[in-house]
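Q: Next come a sequence and a model predicted from it.
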Amino acid sequence: MRFNKMSFCNLSMVVLIFILSYFFTTFIMQSNFFNESNMAQYKSSFLFQTLFLALVFFVVTFVYTYYKANRKMLYSKSQHSEERDILTENEKLKSSLTIDLLTNVANKKYFEERFDEEYKRAMREKQHLSLMIVNIDEFRAFSDIYGRHDGDECLKLVANILVGQCNRPSDLVARVDKDEFYILLPNTNEPKIVSQKCVKAVHGMQIPHENSIASNVLTITIGTSTVLPEDIIEKNQLILNAQTSLQNAKRSGRNRVH
């Protein structure tokens, strides 16, 4: 027969309560507690002693049961609270695996996953796939002059503008480096149109940048590339072409699209 440890503990507690109640009743019966009352004549009565013992046993058992139930309820609430905290932390962890926590756009890891998916989809459906590489002009100098906090705020503002301009459900904006964003544009063969809008929008914010060689305000430079995929082996060539376009745009004076 399997032994139930919890049942044994509960039985032991009931026996202990009964024994304590018995000794308490015996002590009361032998004391002078009832000598000066009208109930003194019933002190030695077996029925009275039994009823008094039952009363003491009931009160102690009730108090103990209430204590156990209240403790269990508090424990249950604490456990539910811990479970909610764990679920919240897990959600944050999942988000941190795909989202850049500063700018709230996709991170490099997620971009690489989506890039592989979109490239294969473009091959199957014979559609163009475009990539924009966005670089904030003289961002290191900006942070040196205005401080890290303003630098972080600058990254957030630029990210918001890029998301606002590249707002189709299939578009993906990702931060892959400190001051560099990759934008994937499925089913697009002319990325320069949206790139020009991004450049103008950032320039239009008129954020002062005294140490920029491109302008006296904050600007961005964008390199673009487009491919009609035929072979998965050529996937990285799209990135290499966009990087080459970015370097050409920088050599041409920044604050522009190539």
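A: Structure's in. What do you need? Numbers count the residues shown, from 1 in each chain.
Q: which residues sit in contact with Leu129?
A: Shown in contact with Leu129 (Cβ atoms under 8 Å, 6 or more residues apart in numbering): 118-119, 122, 184-188, 226-229, 238. Backbone N, C-alpha and C define where each C-beta goes, glycine included.
Q: Angles on the backbone of it, please.
A: The phi and psi values for Leu129, taken as degrees, to the nearest 10, are phi -130, psi 130.
Q: likewise Lys250?
A: According to degrees, to the nearest 10, Lys250 has phi -70, psi -40.
Q: which residues sit in contact with it?
A: Lys250 touches 135, 221, counting by Cβ under 8 Å, 6+ apart.
Q: That one and Thr188: what is the separation?
A: Using Cβ to Cβ, to the nearest Å, Lys250 is found at 23 Å from Thr188.
Q: Pull out the buried positions in stretch 134-141.
A: Within stretch 134-141, the residues that qualify as buried are 134-139, counting by 16 or more other Cβ atoms under 10 Å.
Q: meant to ask about stretch 104-121, not that
A: Under 16+ other Cβ under 10 Å, the buried positions of stretch 104-121 are 105-107, 110-111, 114-115, 118-119.
Q: pLDDT averaged over it - what is it?
A: For stretch 104-121, mean pLDDT is 94.
Q: Can we start the residue count at 20 from this point?
A: Happy to do that; since the first residue is 20 now, the last one works out to stretch 123-140.
Q: Tell me the gap between that stretch and the middle of its chain.
A: Relative to the chain's own centre, stretch 123-140 is displaced by 20 Å; criterion: Cα atoms, centre = their mean, to the nearest Å.
Q: cool, stretch 193-206 as well?
A: Distance, centroid of stretch 193-206 to centroid of chain: 22 Å (Cα atoms, centre = their mean).
Q: ok, now stretch 176-192?
A: Its chain's C-alpha centre and that of stretch 176-192 lie 22 Å apart, by Cα atoms, centre = their mean.
Q: Would you mark the buried spots in it?
A: Applying 16+ other Cβ under 10 Å to stretch 176-192 flags 176-178, 180-182, 184-185, 190-192 as buried.
Q: In helices, which of the contacts of Leu148 fall?
A: Using DSSP state H, the subset of the contacts of Leu148 located in helices is 137-138, 141, 257.
Q: The buried residues of stretch 176-192 into CSV, with extra columns for distance to Thr263, secondary structure and pLDDT?
A: Conversion of the buried residues of stretch 176-192 to CSV gives the following (distance: Cβ to Cβ, whole Å; DSSP: H, G, I helix; E, B strand; the rest coil; pLDDT from 0 to 100):
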residue, distance to Thr263, secondary structure, pLDDT
Leu176, 27, helix, 96
Val177, 22, helix, 97
Ala178, 24, helix, 97
Ile180, 24, helix, 96
Leu181, 21, helix, 97
Val182, 25, helix, 96
Gln184, 23, helix, 96
Cys185, 21, coil, 95
Asp190, 22, coil, 96
Leu191, 21, strand, 96
Val192, 21, strand, 97
